[in-house]
Structure formats: structure tokens, C-alpha cells
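**Q** what's the 3D shape of this:
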Amino acid sequence: MTNKRKIINDPVYDGFLTIEDDIIFDVISHPFFQRQRRIKQLGFTCLVYPGAMHTRFSHMLGALNLMTRALEVLKVKGIEMTRDEVLGAKLAILMHDIGHGPFSHTSEHTLADMPHEVCSRLYMQRLNQEFGGTLTTAISIFDDSYPKHFLHQLVSSQLDMDRLDYLGRDSFFTGVSEGIVGTDRIINMLNVKDDELVVDEKGIYSVEKFIISRRLMYWQVYLHKTVIAADNLLLAILRRARELAASGQNLGIDGLPLHEFLTHHYTEQDFVAHPELLDHFALIDDSDIDMAVKCWLSHPDTVLRTLSDHLLNRHLSAIRVSAKPFGPEVLDTFRTQAQLLYGIEPHESEYFVGTGILRNHAYDYNDQEIKVLFKDGSCRDIGDASDQLDRHFLEKQVTKYYIYYPKELI
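**A** Just a heads-up that it's a prediction; the model follows:
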């Protein structure tokens with residue numbers, strides 16, 4: 001295609017993203033990237049907020065949009081960047097999530113035994129081969145091996161273009177206004193000091209709002225009890241399918257890529273040794289899970305059949321949250337009741353009753369701190385610079401414990 005200078009309308013920013021580089025158009029057009037159209041950004045959050053049907057594809061383009069703006073701001077402020085570095089930073093943020101599996105974070109470590117960041121790097125390396133080495137700078141920025149560290153911080157840090165986009169985007173499509181942050185203000189306040197990404201002093205209040213919004217969005221959206229229940233249900237389905245396949249039972253999805261990843265525990269080393277696995281994994285998206293779950297509605301195994309019916313028809317588990325861990329006696333009681341309810345074996349009740357931990361930590365001092373640049377040239381961490389967010393508030397991690405069990409047992 002000769003006309004690669006495209007514009008894409010993005011409702012979140014009420015404007016257009018302009019694709020100015022041929023290689024960016026080529027990456028977006030690649031099947032590995034187009035797959036992200038078929039993976040929902042927020043997994044099962046649409047079971048709570050029906051509007052949350054946006055995809056990884058739209059998020060990755062949105063992050064590219066913000067990266068483009070941020071680089072322009074930094075150039076105006078005199079930060080030196082070559083054209084290759086600017087293009088590399090754009091490509092790095094564009095592909096930062098390309099390794100996600102079905103339903104985003106829900107299936108992570110389940111179909112492929114590695115974090116999505118590792119899978120993203122494998123896809124980037126593969127694309128770099130296909131595009132004749134044009135992604136080399138992007139990969140080094142993504143890996144934080146490029147000499148200019150601030151470029152990596154724009155891709156991955158506590159105030160990166162990824163987080164700025166997903167907070168605003170997820171807020172837009174869920175309707176949860178707590179996630180609305182001053183994105184334009186924060187980007188215009190970005191600067192670089194001693195190769196570190198910083199925020200000009202005038203942007204302190206916008207950064208404070210960003211941190212608080214992120215904490216609130218975790219409780220209201222990302223860690224919502226219904227979402228946690230659906231996530232655990234899907235994981236139980238995939239775990240049961242693996243168990244049945246290991247015992248030689250037919251899953252009824254032979255020949256499909258999903259079947260391959262349910263019958264093998266592939267690791268990063270396997271993907272490196274067998275590059276074709278990347279192509280197979282790229283054929284799996286949300287629709288494959290949906291199809292398999294519908295197929296398993298008639299499976300002879302009671303556990304797989306029941307779990308699939310519950311997920312398809314939104315018959316989700318009840319969840320009880322506590323400030324303290326649930327004791328084994330509570331777990332055993334619910335599992336015994338589930339065994340009687342479904343007529344299943346004792347060990348099979350573990351698919352219906354379980355426990356977990358919810359952690360909400362909006363700021364991490366062990367990560368790359370958000371630095372504020374003052375007029376006198378000094379830099380301080382946001383916890384020291386802010387009048388509202390002291391170190392005690394920022395360091396506090398809220399931990400809650402939950403147990404899930406069939407609603408019939410309430």
C-alpha cells in the first residue's frame with residue numbers, strides 16, 4: 001500500500017491520531033498487532049460495566065497518541081532526540097502490550113508460562129526480523145538497554161504513557177469518573193533532568209490526582225468483586241480442561257490453537273526454540289475462549305460443564321472479603337457443601353471454592369519514583385514535594401483477602 005499516512009479517530013481524546021511513519025503503519029497492519037482488536041482491554045469488566053468493550057488495539061493506539069504528544073513537548077523544551085530515537089519510542093509504546101493473551105491479564109501465565117512483557121518482547125524481536133532490523137532501537141528502549149533512560153520511562157514507569165492512556169480510556173468506557181486525570185496537563189509538564197523523566201513543579205497537583213485516581217480505579221474497576229469472580233471462574237475452566245486433557249479425555253476442540261496450549265505447558269525457552277509457537281499463540285484471542293466454553297456446555301465432565309455454564313450465563317460465585325485471611329475450616333466447610341451440591345469428588349470442589357488476595361498499591365518506592373523538577377533545578381520525589389500525598393500515604397499498600405463459593409451456599 002502506498003498511502004500509509006492515515007488518521008484514526010479516537011473518542012477518548014476527541015481528536016485524531018496521525019500515522020506519520022511507514023513502519024508504524026506496517027506494524028499496525030501486521031496480523032500480530034491486528035489480533036489485539038479481538039482482545040478486550042479489561043477482560044470480564046464488561047460484566048459489571050457493559051460499556052467496557054474496548055480492546056487492547058485501541059489502548060495501544062491511544063498510548064502511541066500520548067507518546068507522540070509527549071515527545072513533541074520534550075523537543076520544544078530543548079531535549080535532544082534523533083529521529084531514530086523518536087521513532088523508536090513510538091514503536092516501543094505501540095507494541096508494549098502485543099504479547100497479551102485472551103481476556104488480557106486474566107489468562108496470563110495460564111496458556112503460556114511467561115508474563116506478557118516477555119511475550120511482547122518475543123513478538124517485537126520477530127517483527128524486527130521481518131522488517132529488516134527497523135525495530136532495533138524500539139526494542140532497546142523497551143528493554144531499558146538504550147543509553148537514554150528517559151525514553152524507557154515514557155514507555156514503562158510510574159508515570160508512563162501506558163498508564164496515562166488506560167486510566168483515561170478505562171474511565172471513559174466504564175463511566176467511572178474517578179479515573180479521569182489531567183492527561184494534557186501532565187504531558188505538558190513533562191521534562192527531563194539528568195536523563196530522568198520528571199514533572200515540572202507546576203504539574204504537582206495533576207500528578208497527585210493521577211495517583212489518587214489510580215488507587216480508586218483499582219477498587220472500583222480492576223479489583224471489583226464481580227470481575228474477580230469471573231476471572232477465577234475462567235481460570236478454573238482452563239485448569240479443569242488441562243486436567244482432563246492430561247488424563248486423555250477429549251476436549252472437543254482438537255486441531256484448534258487453543259487445544260495445543262491446553263495440552264502443553266510452553267515456557268519462554270520453548271517459544272525461543274520453536275518460533276512457530278508465536279504464530280500459533282497469535283491465533284488465540286477472546287473468541288477462542290468463548291467458542292470453547294460454549295462447546296463445553298455439553299461436555300460429559302460435570303465440573304467442566306457446570307463451570308462453563310456458570311461463565312456463559314453470568315452465574316458467578318459469591319465473594320466474601322475480609323481484612324484477615326480465611327481459615328482452612330471455612331474453606332473446608334464450603335468445599336464439602338459444594339461437593340454435595342454438584343455431586344462431585346472432594347478434590348473437584350476446589351474448582352468451585354477458593355481464596356485469594358487483593359492488593360492495591362498506587363505508588364511504589366521500589367520502582368522508578370515520580371520526580372518533580374523545581375525552578376531552582378532541584379528534583380524531589382512526589383512524596384516529598386507534595387503537600388497532599390506524604391510518604392506514609394504513598395507507601396501504604398491495602399491488602400484484603402477473599403473467599404469465593406457458589407451462591408447457592410449463601
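**Q** ok, the closest residue to Glu20 other than its chain neighbours - how many residues close by?
**A** Of all residues not flanking Glu20 in the chain, Arg5 sits nearest, at 6.7 Å (Cβ to Cβ, 6 or more residues apart in numbering). Just so you know, the C-beta spots here come from the backbone N, C-alpha and C atoms, and that holds for glycine as well. Counted with other Cβ atoms under 10 Å, the neighbours of Arg5 add up to 11.
**Q** same question for Met53.
**A** Met53 has 12 nearby residues by other Cβ under 10 Å.
**Q** and the gap between it and Arg214?
**A** Note on Met53: its distance to Arg214, by Cβ to Cβ, to the nearest Å, is 22 Å.
**Q** same deal with His109?
**A** From His109 over to Arg214 the distance is 23 Å, taken as Cβ to Cβ.
**Q** so between these two, which is more surrounded?
**A** More neighbours surround Arg214 than the other of His109 and Arg214, with 21 against 12 (other Cβ under 10 Å).
**Q** and whatever helix or strand the more buried one lives in, what does it pack against?
**A** Using DSSP states H and E, Arg214 maps to helix 204-217. Applying 3 or more Cβ pairs under 8 Å, 6 or more residues apart in numbering; DSSP states H and E, one finds that helix 204-217 makes contact with helix 161-174, helix 183-188, helix 382-385.
**Q** so what touches the next helix or strand after it?
**A** Scanning forward in sequence from helix 204-217 by DSSP H and E, the next helix or strand is helix 225-246. Contact partners of helix 225-246, identified using Cβ atoms under 8 Å, 6 or more residues apart in numbering, comprise 42-45, 47-48, 103, 106-107, 110-111, 221, 251, 259, 262-263, 289, 292-293, 296, 301, 303-304, 307-308, 310-311, 316-319, 321, 351-352, 354, 356, 358, 402, 404.
**Q** quick one: pLDDT of the closest residue to Phe210 other than its chain neighbours?
**A** Nearest-residue entry for Phe210: Val181, 4.7 Å, with adjacent residues in sequence omitted and distances by Cβ to Cβ, 6+ apart. Val181 carries a pLDDT score of 91 in this model.
**Q** please report how far Val181 lies from Phe103.
**A** Using Cβ to Cβ, Val181 is found at 25 Å from Phe103.
**Q** try Lys77
**A** Distance, Lys77 to Phe103, by Cβ to Cβ: 40 Å.
**Q** so for the two, which sits in the more crowded spot?
**A** Phe103 (23 against 12).
**Q** tell me the pLDDT of that one.
**A** Note for Phe103: predicted pLDDT of 91.
**Q** and it, what is it in contact with?
**A** Phe103 sits next to Ile39, Lys40, Gly43, Phe44, Leu234, Asp286, Ile289 when contact means Cβ under 8 Å, 6+ apart.
**Q** ok, 7 Å please
**A** Shown in contact with Phe103 (Cβ atoms under 7 Å, 6 or more residues apart in numbering): Lys40, Gly43, Phe44, Leu234, Asp286, Ile289.
**Q** and the two most separated of these?
**A** Greatest spatial distance among those (Cβ to Cβ): Lys40 and Leu234, at 12.2 Å.
**Q** low-confidence ranges, the stretch 301-410 of the chain, go.
**A** Counting by pLDDT under 70, the stretch 301-410 of the chain shows no low-confidence range.
**Q** just the helices in it please.
**A** Secondary structure of the stretch 301-410 of the chain (DSSP state H, counting those that start in this stretch): helices located at 302-312, 328-342, 382-385, 391-395.
**Q** and of the ones you listed, who's closest to Asn191?
**A** With Cβ to Cβ, the closest approach to Asn191 among the helices of the stretch 301-410 of the chain belongs to helix 382-385: 13.8 Å.
**Q** which parts of that closest one are buried?
**A** Across helix 382-385, burial judged by 16 or more other Cβ atoms under 10 Å covers Ile382, Gly383, Ala385.
**Q** swap in stretch 75-95?
**A** When burial is assessed from 16+ other Cβ under 10 Å, stretch 75-95 yields the following buried residues: 79, 81, 85-95.
**Q** next one: stretch 53-68
**A** Using 16+ other Cβ under 10 Å as the test for burial, stretch 53-68 gives 54-68.
**Q** cool, and stretch 351-368?
**A** Neighbour-count burial for stretch 351-368 [16+ other Cβ under 10 Å]: Tyr351, Phe352, Val353, Gly354, Thr355, Leu358, Asn360, Ala362, Tyr363, Gln368.
**Q** before we move on, what about stretch 111-131?
**A** Neighbour-count burial for stretch 111-131 [16+ other Cβ under 10 Å]: 111-114, 116, 119-124, 126-128.
**Q** cool, and stretch 20-31?
**A** For stretch 20-31, by 16+ other Cβ under 10 Å, it's Asp21, Ile23, Ile24, Phe25, Asp26, Val27, Ile28, His30.
**Q** what sits up against it?
**A** Residues outside stretch 20-31 that contact it (Cβ under 7 Å, 6+ apart): 4-6, 19, 33, 87, 90-91, 94-95, 127, 131, 134, 282.
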